[in-house]
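Colleague: Any chance you could fold what I've pasted below:
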Amino acid sequence: MKDLADIINELPSLSETVNSNQLNAKKSLGQNFLLDINITLKIVRESLKAQRLKDFSKANVFEIGPGPGGLTRAILSNNPKKFTVIEMDKRCISIMEELKSRSGDIINIIEGDALKNDIHNIGEKPRHILSNLPYNISTQLLLKWLKDYQDFESFTLMFQKEVADRLTAKVGTKSYGRMSVITQLLSDVSKLFDLKPSCFTPAPKIMSSVVLIKLKKEHIDVKLIEAIQEITRLAFGQRRKMIKKSLKSIENINEKLAQTGITESLRAEDISPEQYLELSKLIIKN
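Modeller: Prediction:
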């Protein structure tokens with residue numbers, strides 16, 4: 001019996017797949033296709049290497065918006081135990097069905113909107129998400145998945161470089177913001193590599209970055225995560241104001257800042273993820 005890598009090697013090229021399915025990218029769906037299999041293989045290879053994994057043979061893998069299947073092929077070549085794709089473009093669904101017919105029941109196809117589908121309880125742990133995300137909903141998806149972060153092992157995701165820089169930003173830097181705090185509290189996040197616009201079809205106007213988000217094991221309750229999301233929304237929504245003013249809608253905020261050791265005159269970008277966590281604990285406690 002042929003293994004998955006051999007089956008993938010016998011498929012038509014990605015360009016041929018796009019042409020035969022008349023798969024022009026739709027701006028409304030945020031589609032920018034990766035048609036170079038060497039790049040998609042690199043994404044998977046660098047993710048596995050950073051996680052010290054040989055392959056995905058013991059894992060449930062998820063991909064959002066597979067498009068013509070470039071990253072899909074690279075994931076399949078690394079032998080996932082189970083592989084779920086979520087796609088809302090019917091043209092791409094037919095491509096996924098063709099892949100499923102060749103690779104067997106390993107692929108589970110969900111037709112629909114990833115923002116409306118919960119995947120944190122599909123199959124068994126460990127669960128990994130690898131995706132070239134639609135940029136128009138990338139941060140929404142990440143925030144959704146982070147609420148259930150303990151159900152996942154890792155996210156390997158493509159973002160606009162600007163967003164990737166925010167996720168990895170240090171306290172006090174220009175890029176440090178709400179997503180920096182939330183992501184760094186719940187994960188160890190690192191950039192794997194950047195990609196030029198010319199790597200995509202059609203080429204976007206911005207650089208892109210592949211980011212590995214390795215979820216932490218420490219438990220933080222969903223209510224506390226939601227509190228952190230709300231506090232950081234208030235703080236960074238008025239990031240040039242002193243923290244005592246941007247959070248003035250919170251009862252007894254000055255007292256809570258003092259208990260946390262946060263100086264009232266600091267601004268949002270001067271406060272560490274750990275300090276936001278402690279402040280959130282005090283707020284939901286009262």
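Colleague: now F33: how far from T17?
Modeller: Shown here: F33 relative to T17, a distance of 10 Å by Cβ to Cβ, to the nearest Å. Every C-beta, even on glycine, is put in place using the N, C-alpha and C of the backbone.
Colleague: I243 too?
Modeller: Between I243 and T17 the distance, using Cβ to Cβ, works out to 52 Å.
Colleague: swap in D55?
Modeller: 24 Å.
Colleague: and if you look at I122?
Modeller: The span separating I122 from T17 equals 26 Å under the rule Cβ to Cβ.
Colleague: Show me which of these two is the more surrounded one.
Modeller: The residue with the greater number of neighbours, taking I122 and T17 and applying other Cβ atoms under 10 Å, is T17; the counts read 21 against 16.
Colleague: check contacts around the residue lying closest to that one once chain neighbours are set aside.
Modeller: Leaving out its chain neighbours, the residue that sits closest to T17 by Cβ to Cβ, 6 or more residues apart in numbering is P68, at 5.1 Å. By Cβ atoms under 8 Å, 6 or more residues apart in numbering, P68 lies in contact with L14, T17, V18, N21, L23, F33, L35, C92, I95.
Colleague: do that again at 6 Å, thanks
Modeller: The neighbourhood of P68, defined by Cβ atoms under 6 Å, 6 or more residues apart in numbering, consists of L14, T17, V18, L23, F33, I95.
Colleague: top of these by neighbour count?
Modeller: Busiest of the contacts of P68 [other Cβ under 10 Å] is F33, holding 25 neighbours.
Colleague: mind checking the backbone torsions on that residue?
Modeller: Summarising the backbone geometry of F33 under the convention degrees, to the nearest 10, its torsions are phi -90, psi 140.
Colleague: can you tell me how far Y149 sits from I86?
Modeller: In terms of Cβ to Cβ, Y149 sits 18 Å off from I86.
Colleague: Could you measure from the spatially closest residue to L186 that is not a sequence neighbour over to V222?
Modeller: Distances taken as Cβ to Cβ, 6+ apart put Y149 closest to L186, at 4.7 Å, once the chain neighbours are dropped. Taking Cβ to Cβ as the measure, Y149 falls 10 Å from V222.
Colleague: Compare these two and say which one has the larger neighbour count.
Modeller: Under the neighbour definition other Cβ under 10 Å, Y149 and V222 were set side by side, and Y149 has more, 24 against 11.
Colleague: The more buried one touches K217, doesn't it?
Modeller: No: with contacts defined as Cβ atoms under 6 Å, Y149 does not count as touching K217, sitting 9.9 Å away.
Colleague: what about the strands in the stretch 151-286 of the chain?
Modeller: Counting by DSSP state E, counting those that start in this stretch, residue ranges of the strands within the stretch 151-286 of the chain are 154-160, 187-195, 200-201, 208-215.
Colleague: Report the angle between the second one and strand 154-160.
Modeller: Which is strand 187-195. For the pair strand 187-195 and strand 154-160, the angle between their directions (axes from the mean of the first three to the mean of the last three Cα atoms, to 10 degrees) equals 40 degrees.
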